[in-house]
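**Q** show me the folded form of this:
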Amino acid sequence: MDNKKAAIIIPCRNENIRPKQTVDFMLRTEARGKTPIIVIDDGSKDRSCYFLRQKNKDYKDIVLITTEGIGASGARNLGAESAEGAEILIFCDGHIIMQKGWLHTLLETFHNPEVSAVCPGIGPFDPHRRAGYGQTWDNSLEIKWLERPSGIQEVPLAPGACLAIRKSAFDAVHGFDRGFNSWGYEDVEISLKLWLFGYKIFVNPWVKIGHHFRKVPPYQVNPVDFHYNRVRMAVSHFNQDRIARIIEALGDRRHTARTLTKIILSDSLEQRNKYLYQRTYDDDWFFAKFNIPF
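**A** Next up is the predicted model:
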């Protein structure tokens, strides 16, 4: 796969110096001058993308799009819409580092026509610490990182820190959920949706990305928005029993009623009906395929 046919999309908000570090690392690799890089500054208050507004020839080919808090899903979708002519969309966090060869190796995965999406191994900046190679769910539907496989292998969930998707598959599943708020579950939902719609996700263990793992986002996330995204994902894709379990897990938190009210007043049920009609497999198939006991 020619990396000229790909586009790198970096959404960020209040990332401090890390977007510059990420872009600088990319420009030291084969991405420089060949692969369009699109940065979406989603309402940063810390001037984290100011370096792209300065007259610096190193960044002259990088596209900067500024928005005012449209959220992680919205920023990614906007980047995809701006990547004219791209056959592969590579979504990257604004706080990662990589080595030369990462892009070529990742794109080579798409020589297999079965590959609709692929992620690399992702670990902390410290090269001596263990990386994860794709993700799955445990019996409480909490994220669990997978061990390094011996070769390119199917994975249930691809983390959004670095995720490459064929544009045709991205469009077929309607991109990242357009009803999500703020931050949370956008990478999980699109991974699940890809599988249910008949597309396959793989991990390429020959690529490893360094990632700055944050305990909390660098901007305020309303708990109602976060839990709304989780419940909306369940309503969009799960059977009634699994939806009930997700709602029960909310417990008696003070924001539960607001979360469910927001779901009722949204288009979540309309989206569910559309997806049930369009998808190839149901959630029982997905959980059985990957031995997820939920």
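**Q** count the neighbours of residue 184 for me.
**A** 22 (other Cβ atoms under 10 Å). C-beta coordinates here come from the backbone N, C-alpha and C atoms, glycine included.
**Q** what sits against it?
**A** Contacts for residue 184 (Cβ atoms under 8 Å, 6 or more residues apart in numbering) come out as 72, 221, 225-226, 229-230.
**Q** what of residue 210?
**A** By Cβ under 8 Å, 6+ apart, the neighbours of residue 210 are 96-98, 123-125, 127.
**Q** kindly state the beta-bridge partners for it.
**A** residue 97, residue 123 (DSSP bridges).
**Q** now do the strands in this structure.
**A** Using DSSP state E, the strands of the chain run over 6-12, 37-42, 63-67, 88-92, 96-97, 115-123, 135-137, 143-145, 153-154, 162-166, 200-211.
**Q** now those in a markdown table, with distance to residue 284?
**A** Listed next are the strands of the chain as a markdown table, based on distance: least, Cβ to Cβ, whole Å:
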| stretch | distance to residue 284 |
| --- | --- |
| strand 6-12 | 33 |
| strand 37-42 | 36 |
| strand 63-67 | 38 |
| strand 88-92 | 29 |
| strand 96-97 | 35 |
| strand 115-123 | 21 |
| strand 135-137 | 14 |
| strand 143-145 | 20 |
| strand 153-154 | 18 |
| strand 162-166 | 25 |
| strand 200-211 | 18 |
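**Q** dump these to a markdown table, plus distance to residue 269 and mean pLDDT.
**A** Listed next are those as a markdown table, based on distance: least, Cβ to Cβ, whole Å; pLDDT from 0 to 100:
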| stretch | distance to residue 269 | mean pLDDT |
| --- | --- | --- |
| strand 6-12 | 28 | 97 |
| strand 37-42 | 28 | 97 |
| strand 63-67 | 28 | 96 |
| strand 88-92 | 28 | 98 |
| strand 96-97 | 36 | 96 |
| strand 115-123 | 27 | 97 |
| strand 135-137 | 24 | 98 |
| strand 143-145 | 26 | 96 |
| strand 153-154 | 31 | 98 |
| strand 162-166 | 27 | 98 |
| strand 200-211 | 27 | 97 |
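**Q** among those strands, which is nearest residue 191?
**A** strand 200-211 (6.0 Å; Cβ to Cβ).
**Q** give me the distance from the closest one to the chain's centre.
**A** 13 Å (Cα atoms, centre = their mean, to the nearest Å).
**Q** in it, what counts as buried?
**A** 200-205, 207-211 (16 or more other Cβ atoms under 10 Å).
**Q** then stretch 280-294?
**A** Those would be 283, 286-287, 292, for stretch 280-294 by 16+ other Cβ under 10 Å.
**Q** stretch 35-46 now?
**A** In stretch 35-46, counting by 16+ other Cβ under 10 Å, buried: 35-42, 44.
**Q** of the residues you listed, which is the nearest to residue 140?
**A** residue 42 (30.5 Å).
**Q** coming back round to it: reformat the buried residues of strand 200-211 as JSON lines; add distance to residue 133.
**A** As requested, the buried residues of strand 200-211 are exported to JSON lines (distance: Cβ to Cβ, whole Å):
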{"residue": "200", "distance to residue 133": "16"}
{"residue": "201", "distance to residue 133": "12"}
{"residue": "202", "distance to residue 133": "10"}
{"residue": "203", "distance to residue 133": "5"}
{"residue": "204", "distance to residue 133": "9"}
{"residue": "205", "distance to residue 133": "6"}
{"residue": "207", "distance to residue 133": "10"}
{"residue": "208", "distance to residue 133": "9"}
{"residue": "209", "distance to residue 133": "11"}
{"residue": "210", "distance to residue 133": "14"}
{"residue": "211", "distance to residue 133": "13"}
